[in-house]
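Student: no letters, just coordinates:
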């Protein structure tokens with residue numbers, strides 16, 4: 001799977017569910033930030049239910065929870081694991 005190209009092309013949304021502090025330390029370029037606790041309380045921000053979503057966190061655990069939440073709401077969502085997976089795939093980082 002080439003999730004970096006999918007995100008860069010705009011076909012797929014990228015969601016970061018880590019904490020605010022983790023986000024400030026660095027995140028995937030082009031990602032939307034919604035911490036898991038906000039997502040768990042029903043906040044969806046600007047996520048478009050008509051476009052697929054790739055989700056990540058630090059290790060893959062929180063993104064797995066986010067995947068379950070959004071899947072139950074009808075989103076086409078895939079857990080790509082941790083931010084390190086994005087970096088290993090050549091994805092750019094920004095602060």
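Tutor: Okay, I see it. Predicted model, so just to flag it, every value in this text is computed and none were measured. Numbers count the residues shown, from 1 in each chain.
Student: can you give me the strands in the chain?
Tutor: 13-16, 27-28, 32-33, 53-57, 77-82, 93-94 (DSSP state E).
Student: ranking these by burial, who's on top?
Tutor: Among the strands of the chain, strand 53-57 has the highest mean neighbour count (mean count of other CB atoms under 10 Å), at a mean of 25. Placement of C-beta: from N, CA and C, glycine included.
Student: quick check: neighbours of that one in the sheet, parallel or antiparallel?
Tutor: Pairing partners of strand 53-57, with direction, according to DSSP bridges: strand 13-16 (parallel), strand 77-82 (parallel).
Student: so what touches it?
Tutor: Contact with strand 53-57 is made by 3, 6-7, 12-18, 28, 31, 36, 47, 63, 66-67, 70, 75-83, 85-86, as judged by CB atoms under 8 Å, 6 or more residues apart in numbering.
Student: the same query, at a cut-off of 6 Å, please.
Tutor: With contacts defined as CB atoms under 6 Å, 6 or more residues apart in numbering, strand 53-57 is touched by 3, 12-15, 17-18, 63, 66-67, 75, 77-80, 83, 86.
Student: the longest helix belonging to the chain packs against which elements?
Tutor: Taking DSSP state H as the criterion, the chain has its longest helix at helix 61-72. Counting contacts by 3 or more CB pairs under 6 Å, 6 or more residues apart in numbering; DSSP states H and E, helix 61-72 is packed against helix 36-40, strand 53-57, strand 77-82.
Student: I'd like the average pLDDT over it.
Tutor: The pLDDT scores in helix 61-72 average 97.
Student: if we can go back for a sec, could you dump the strands of the chain into a markdown table and include mean pLDDT and distance to residue 41?
Tutor: Putting the strands of the chain into a markdown table (pLDDT from 0 to 100; distance: least, CB to CB, whole Å) gives the following:
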| stretch | mean pLDDT | distance to residue 41 |
| --- | --- | --- |
| strand 13-16 | 98 | 15 |
| strand 27-28 | 98 | 21 |
| strand 32-33 | 98 | 15 |
| strand 53-57 | 98 | 17 |
| strand 77-82 | 97 | 18 |
| strand 93-94 | 96 | 27 |
